[in-house]
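Visitor: Need coordinates for the following:
(one chain, ligands or ions: 1)
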Amino acid sequence: MTAVLTLGILGAALGLGLAFAADLLAVERDPRIEGVEELLPGINCGACGYPGCDAFAEGIIEGEVEHLADCKPSTKKNYNAILQYLKDHPNKDGSIINVKI
Ligand code: SF4
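Guide: Model (predicted):
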């Protein structure tokens, strides 16, 4: 009985600690990364040189990607949709992310 109670209290304490740490250490992510990722093919092939579509989308938002055409499976429709999305979702200072097809 004592062992069960001890383990229960220990589990609850560790759970609370993890919940607190998750809130404290959470990294805020630009929501535009997900918005751009949804406009990519989503096949995670790595042809763009990034480990997947999520990383490529993050590279676009971070300004690392110069050409959307690095994503070979995308079509012109994807590229234009991404460019339009970036125009509709500018940076906080009003500037638009500079990326070309
Ligand atoms: S090349 Fe395109 S589809 Fe492939 S991982 Fe990169 S962004 Fe995704």
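Visitor: what about Glu58, how many residues close to it?
Guide: 20 (other CB atoms under 10 Å). Glycine gets a C-beta too; all of them are placed from N, C-alpha and C.
Visitor: element containing it, please.
Guide: Using DSSP states H and E, the element containing Glu58 is helix 53-62.
Visitor: can you pull the buried residues of that helix?
Guide: Within helix 53-62, the residues scored as buried using 16 or more other CB atoms under 10 Å are 53-61.
Visitor: which among those residues are in contact with the ligand?
Guide: 53, 56 (CB under 6 Å from any ligand atom).
Visitor: now the buried residues of helix 53-62 in TSV, with pLDDT and distance to Gly35?
Guide: TSV is the format used below for the buried residues of helix 53-62 (pLDDT from 0 to 100; distance: CB to CB, whole Å):
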residue	pLDDT	distance to Gly35
Cys53	98	12
Asp54	98	12
Ala55	98	15
Phe56	98	13
Ala57	98	8
Glu58	98	12
Gly59	98	14
Ile60	98	10
Ile61	97	9
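Visitor: Test my guess that Cys71 contacts Ile60.
Guide: No: contact criterion CB atoms under 8 Å: Cys71 and Ile60 do not qualify, at 9.4 Å.
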